[in-house]
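J.: Based on what follows, work out the 3D shape:
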Amino acid sequence: MHQPVSEEALKAAYQAGLYFFSPENLLTHNSGCIIEGLMDLGLKVRANTAKITSRDVSQPLTGVDAASLVSPPAAGYAAFVIDISHGNTYVPLDSLKGGRLAYLTNSDISLFCEIPEPYPLFAVHESTFAKKAGRRFALAFGPSNGLIAATEHRMDFNKRKRTALRNFRPTFSQGVRGLLDIAFVPRLKSRIDVEARLLPPQEYLQALMGAQVCLAYGGDFYSSQADNAWLSSKQPALYQQHTFKTFTEHAIVMRWDSWRFWESLMAGCLTVHLDFAKYGFDLPVKPEPWVHYAPLDLDNLTGSIAALFDHEKQWAEIAESGRTWALENYAPRPTAARFLSQLL
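T.: Below you'll find the model as predicted:
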């Protein structure tokens with residue numbers, strides 16, 4: 001386990017500041033949240049763009065003059081962070097001299113991103129079952145300061161509607177949600193009301209803070225292509241993209257992290273998600289089932305529903321513990337401190 005470094009030591013190591021660079025001039029959610037944390041730590045931060053893509057209710061740097069952070073790339077920073085989320089591929093930037101150089105990806109297909117040594121890659125959706133080569137560090141989407149503030153005054157759990165929210169926006173590559181719409185949600189409806197309306201951002205956030213349960217799983221399934229002889233002989237470049245340093249299962253769940261998971265935790269819902277340990281979801285600090293969230297087992301969805309309602313008297317406690325766990329480990333400040341510590 002990585003040993004953290006004190007905030008005082010981090011401030012000394014990074015007193016020259018950090019620079020964030022996006023080749024597409026569009027930073028992503030994780031860069032925004034880390035920048036928030038760095039600012040909370042009192043460190044200098046600059047970037048080549050003020051544009052950050054995220055969800056409305058999770059948007060980082062809310063109320064911050066992001067334009068004031070923009071300046072041309074220059075030498076002399078303690079570290080340079082290259083956000084390659086949109087291309088999800090290595091971009092050589094040898095011109096940035098004088099500091100540590102790290103890469104970050106928030107891509108849906110971050111699992112396939114590979115960065116040459118010695119540069120570290122900070123990536124979401126990491127799996128303990130499948131790893132490309134290189135120095136990889138798992139990132140969580142995590143809550144922004146704006147989301148934390150917006151959910152500070154939420155409804156007491158026991159005064160909320162006894163309902164489960166399942167208001168996912170339709171997107172491609174969401175096999176997990178499709179499977180559970182077929183095999184899980186219909187059974188769940190026999191035990192609790194399931195709310196499936198699509199809502200605009202502020203109504204959605206209010207619905208979260210007024211509901212007891214939120215279905216917060218996501219992701220898609222991926223099978224190993226190591227034995228695909230046709231792909232290996234006919235399309236070797238594509239085959240190489242599907243080659244991993246380690247791949248220990250026949251199939252895995254990829255693209256498993258989501259804004260919804262963190263929005264649910266922050267809103268104080270009982271958060272329903274696939275079991276982190278069973279499905280190899282990799283985070284620096286993992287949540288514990290029935291302590292911080294309600295786990296689902298695809299092998300036994302009937303048993304998962306039974307367990308969910310067996311724990312009903314603990315729903316409020318689990319919901320509050322989940323929010324506390326997320327704040328302590330994945331709010332912008334602890335996320336930034338861990339990022340800096342790993343970068344050392």
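
J.: Contacts for the one helix or strand L208 maps to next, please.
T.: Counting by DSSP states H and E, the element that carries L208 is helix 201-210. With contact meaning C-beta atoms under 8 Å, 6 or more residues apart in numbering, helix 201-210 is reached by 55-57, 150-151, 154-155, 160-161, 165, 167, 195, 199, 214, 263-264, 267-269. (C-beta placed from N, C-alpha, C; glycine too.)

J.: Same check on stretch 334-344?
T.: For stretch 334-344, the surrounding residues in contact (C-beta under 8 Å, 6+ apart) are 2-5, 7, 10, 13-14, 33-38, 40-41, 79, 100, 102, 120, 122, 137, 140, 142, 284, 328.

J.: Show me which of the residues you listed are buried.
T.: Buried residues within those, counting neighbours by 16 or more other C-beta atoms under 10 Å: 5, 7, 10, 13-14, 33-38, 41, 79, 100, 102, 120, 122, 137, 140, 142, 284.

J.: Which positions within the helix holding L208 qualify as buried?
T.: 204-205, 207-210.

J.: cool, and stretch 131-141?
T.: Buried, per 16+ other C-beta under 10 Å, within stretch 131-141: 131-132, 134, 136-141.

J.: how long is it end to end?
T.: With C-alpha to C-alpha, to the nearest Å as the measure, stretch 131-141 spans 19 Å from end to end.

J.: what pLDDT, on average, does it get?
T.: Throughout stretch 131-141, pLDDT has a mean value of 96.

J.: ditto for stretch 187-198
T.: Mean predicted confidence for stretch 187-198 is 96.

J.: Stretch 144-154 too?
T.: Stretch 144-154 comes out at a mean pLDDT of 97.

J.: what does it rub up against?
T.: 29, 32-33, 36, 40, 54, 57-63, 205, 208-209, 262-263, 266-268, 323, 327, 331-332.

J.: just for the chain, where's the confidence low?
T.: For the chain, the stretches with pLDDT under 70 are 1-3, 94-98.

J.: Please list all residues in contact with the most centrally placed residue in it.
T.: Residue closest to the average C-alpha location in the chain (C-alpha atoms, centre = their mean): F141, at 2.4 Å. Taking C-beta under 8 Å, 6+ apart as the criterion, F141 is in contact with 29-30, 58, 106, 124, 257-259, 261-262.

J.: what sits against V272?
T.: 164, 213-217, 293-294, 296, 308.

J.: L215 - nearest residue in space that isn't next to it in sequence?
T.: Nearest non-adjacent residue to L215, counting by C-beta to C-beta, 6 or more residues apart in numbering: R166, 4.6 Å away.

J.: list the contacts for the one you found?
T.: Residues counted as contacts of R166 (C-beta under 8 Å, 6+ apart) are 185, 194-196, 215.

J.: Just the buried residues from those, in PyMOL please.
T.: Listed next is the PyMOL selection for buried residues among these, using 16+ other C-beta under 10 Å:
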select buried, resi 185+194+195+215
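
J.: What are the boundaries of the strands in the stretch 101-250 of the chain?
T.: 120-123, 130-131, 135-138, 161-165, 193-195, 211-215, 220-223, 246-247 (DSSP state E, counting those that start in this stretch).

J.: export those to a markdown table and tack on distance to L179?
T.: What follows is these, written out as a markdown table (distance: least, C-beta to C-beta, whole Å):
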| stretch | distance to L179 |
| --- | --- |
| strand 120-123 | 25 |
| strand 130-131 | 19 |
| strand 135-138 | 24 |
| strand 161-165 | 17 |
| strand 193-195 | 16 |
| strand 211-215 | 13 |
| strand 220-223 | 8 |
| strand 246-247 | 21 |
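
J.: can you dump the C-alpha coordinates of stretch 20-35 into CSV?
T.: Provided in CSV are the C-alpha atoms of stretch 20-35 (Å, rounded to 0.1, in the frame of the first residue of the first chain):
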residue,chain,number,x,y,z
PHE,A,20,-2.4,21.1,-16.5
PHE,A,21,-2.4,20.6,-20.3
SER,A,22,-5.0,19.3,-22.6
PRO,A,23,-4.0,18.7,-26.2
GLU,A,24,-7.7,19.4,-27.2
ASN,A,25,-8.0,22.5,-24.9
LEU,A,26,-10.7,20.7,-22.9
LEU,A,27,-9.8,19.4,-19.4
THR,A,28,-12.0,16.7,-17.9
HIS,A,29,-13.7,16.1,-14.6
ASN,A,30,-10.8,14.5,-12.8
SER,A,31,-8.4,17.3,-13.7
GLY,A,32,-11.0,19.8,-12.5
CYS,A,33,-11.4,18.1,-9.1
ILE,A,34,-7.6,17.7,-8.6
ILE,A,35,-7.2,21.4,-9.5
